[in-house]
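Visitor: Sequence and computational prediction follow.
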Amino acid sequence: MGSNIVIGLVDALRIGEEALKARIGFVFGDDPLSNDRELLEIAPYPYVIKNEKNRHLNLPERVRLVTWSEVQAMSISELASLHTDPGEK
């Protein structure tokens, strides 16, 4: 899809960018500096999957660093609460 995945999805789904944003809830990416950056930026609930390449990154406050095991163990409401509970990161 090229370097901008959002444009690729807009083209593939034949919807506008605002319509795409409205349909996106949770985004999970493991490459926040490159391939996944655009989707993480527009998602209300962005998560970066921890790996050796990104585990030491200083991510924006709204992005949560998680493992796949943590994601699989949580319900959707628990995942969303990571973004609303100031004590969680």
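Guide: Alright, I've got the coordinates.
Visitor: so what secondary structure elements neighbour the biggest helix by length in the chain?
Guide: Of all the segments assigned as helix in the chain under DSSP state H, the longest by residue count is helix 5-13. Under the contact criterion of 3 or more Cβ pairs under 8 Å, 6 or more residues apart in numbering; DSSP states H and E, the helices and strands touching helix 5-13 comprise helix 17-23, helix 37-42. Placement of C-beta: from N, CA and C, glycine included.
Visitor: Neighbouring strands - and their directions - for the helix or strand just after the first one?
Guide: Think helix 17-23. Scanning the chain past helix 17-23 towards its C-terminal end, the next helix or strand to appear is strand 26-29 (assignment: DSSP states H and E). Based on DSSP bridges, the strands next to strand 26-29 in the sheet, each with its direction, are strand 45-49 (parallel).
Visitor: how about the strand it pairs with as CSV, C-alpha atoms only?
Guide: Presented in CSV, the C-alpha positions along strand 45-49 are these (Å, rounded to 0.1, in the frame of the first residue of the first chain):
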residue,chain,number,x,y,z
TYR,A,45,-7.1,3.7,21.0
PRO,A,46,-3.6,3.2,19.7
TYR,A,47,-1.4,0.3,21.0
VAL,A,48,2.2,-0.5,20.1
ILE,A,49,3.1,-4.1,20.5
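Visitor: re the thing from before, any residues touching the longest helix of the chain, and which ones?
Guide: Helix 5-13 is contacted by residues Met1, Gly2, Gly16, Glu17, Leu20, Asn35, Asp36, Glu38, Leu39, Ile42 when judged by Cβ atoms under 8 Å, 6 or more residues apart in numbering.
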